[in-house]
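> kindly return the folded structure for what I paste below:
(one chain, ligands or ions: 1)
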Amino acid sequence: PRSGKFITFEGGEGTGKTTQIARLADYLRAEGHDVITTREPGGAAGADSIRSLLVSGATDKWDPLSECLLLFAARREHLNKTIWPAITQGAWVLCDRFADSTFAYQGYGHNVPIPFIEQLYDAVVGDFAPDLTLMLDIDVEVGLGRANTRNADNASREDRFERMDLSFHERLRQGFLEIARNAPERCAVIDADHDPDIVSDIIRAMVNTRLLAA
Ligand code: TMP
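Numbering: from 1, shown residues only. Just a heads-up that it's a prediction; the model follows:
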């Protein structure tokens, strides 16, 4: 039986997921919950190795189908080593991206057939799914502008996807919105083009209504 909760944060580049995950973690800990924060690709040793293959280098370095396989290999490690053990022990797991990112980036963005990604999901993840997915939505150019500022500050080289063209980012934004429309009981779209304090108030209210009051 599952006792913990699994909350995923999704969205394009520069939506402020990292800040919002840290704030929700603080809030839930103050409420007395055990919380871990993690991210994809990554969150386990093998998955972090795969991450470094994916997030740097030439934009056309991987065939999109290979990219899906790498992402689901990383996801399997993450589930087995980190997510499932934590949830079994009763923790709340807050995760920066999960499978919706593969549907959006590789499916909607790179035209990998959605049924192929669904098959991978069934084989790798099974009937497990997030209890709540917060889709942080922002205008693509505003988001990419924020992401570029962040990269300039960090000298980050993890910008392989950010360097993909604007139409790619528009497709994946529409993809996330469509995923949310098709799964309203799991997903909530949050307008991320607000002050971070306002966004965290909205997220807190959403978690209270959907998970804590239930
Ligand atoms: P991050 O910048 O949010 O840490 O994510 C790393 C990059 O990996 C981001 O540009 C989106 C991309 N990505 C995919 O393309 N598909 C996926 O399934 C995941 C989890 C991430």
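> how about the residues of the protein that lie near the ligand?
Arg39, Glu40, Pro41, Val55, Leu71, Asp96, Arg97, Ser101, Thr102, Tyr105, Gln106, Phe161 (C-beta under 6 Å from any ligand atom). Where C-beta positions appear, they are placed from N, C-alpha and C, glycine not excepted.
> nearest to His194, of those residues?
Closest approach between the residues of the chain next to the ligand and His194, by C-beta to C-beta: Asp96, at 19.2 Å.
> tally of neighbours for the closest residue to Asn80 other than its chain neighbours?
Leaving out its chain neighbours, the residue that sits closest to Asn80 by C-beta to C-beta, 6 or more residues apart in numbering is Ala44, at 7.6 Å. The local packing of Ala44 (other C-beta atoms under 10 Å) involves 21 other residues.
> the one 5 residues further on too?
Neighbours of Ser49 under the rule other C-beta under 10 Å: 13.
> what helix or strand does it sit in?
Assigned by DSSP states H and E, Ser49 belongs to helix 45-55.
> and if you look at Thr38?
Element membership for Thr38 (DSSP H and E) is strand 35-39.
> do a quick rundown of the helices in this structure.
In the chain, the helices defined using DSSP state H lie at 17-30, 45-55, 64-78, 84-88, 99-101, 114-124, 140-154, 166-182, 196-207.
> what's the closest of these to Thr8?
The closest approach between Thr8 and any of those, judged by C-beta to C-beta, belongs to helix 99-101 at 6.9 Å.
> what residues are up against Leu132?
Neighbouring residues of Leu132 by C-beta atoms under 8 Å, 6 or more residues apart in numbering: Lys5, Ile7, Thr8, Arg186, Cys187, Ala188, Met206, Val207, Arg210, Leu211.
> filter these down to the buried ones.
Buried subset of these (neighbour count, 16 or more other C-beta atoms under 10 Å): Lys5, Ile7, Thr8, Arg186, Cys187, Ala188, Met206, Val207, Arg210.
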